[in-house]
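Asks: coordinates only, sequence not included:
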């Protein structure tokens, strides 16, 4: 039996989150579905936010952090403008 696991990738992208604007060669860090790796993903999102490369409404910062560190990181994308998190199943 083949066991799958998820990894997450943060992408900078256009406002419409078009797949063509998500450059795997620019955003090449992969985050495992572990507590430590999710914290590192949150750190990356905070860095991008602090550098003003993405936008998150101040009232949504806690929701983004919770989704990334405890819930579904992909759901955090709904609160992020000019950025998205995608999940990939790995085998």
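Replies: Perfect, I can see it now. Values in this document were obtained by computation on a predicted structure and should not be read as measured data.
Asks: Can you tell me which helices and strands the helix or strand containing residue 48 packs against?
Replies: Using DSSP states H and E, the element containing residue 48 is helix 35-50. Where contact means 3 or more C-beta pairs under 8 Å, 6 or more residues apart in numbering; DSSP states H and E, helix 35-50 is packed against strand 5-12, strand 31-32, strand 55-56, helix 61-69, strand 83-90. Using the backbone N, CA and C atoms, a C-beta is placed for each residue, glycine as well.
Asks: angle of that helix against strand 83-90?
Replies: 160 degrees (axes from the mean of the first three to the mean of the last three C-alpha atoms, to 10 degrees).
Asks: quick one: average confidence on helix 35-50?
Replies: Per-residue pLDDT values over helix 35-50 give a mean of 97.
Asks: Please apply the same query to stretch 78-89.
Replies: pLDDT averaged over stretch 78-89 gives 96.
Asks: Other residues contacting that stretch?
Replies: 4-15, 17, 22, 30, 41, 45, 48, 53-57, 60, 63-64, 67-68, 73-74, 76-77 (C-beta atoms under 8 Å, 6 or more residues apart in numbering).
Asks: buried stuff in stretch 49-56?
Replies: Going by neighbour count (16 or more other C-beta atoms under 10 Å), the buried part of stretch 49-56 is 49, 54, 56.
Asks: Any buried residues in stretch 70-77, and which?
Replies: 73, 76-77.
Asks: same deal with stretch 84-91?
Replies: 84-86.
Asks: for the residues you listed, which one is nearest residue 36?
Replies: Taking C-beta to C-beta as the measure, residue 36 lies nearest residue 85 of the buried residues of stretch 84-91, at 16.7 Å.
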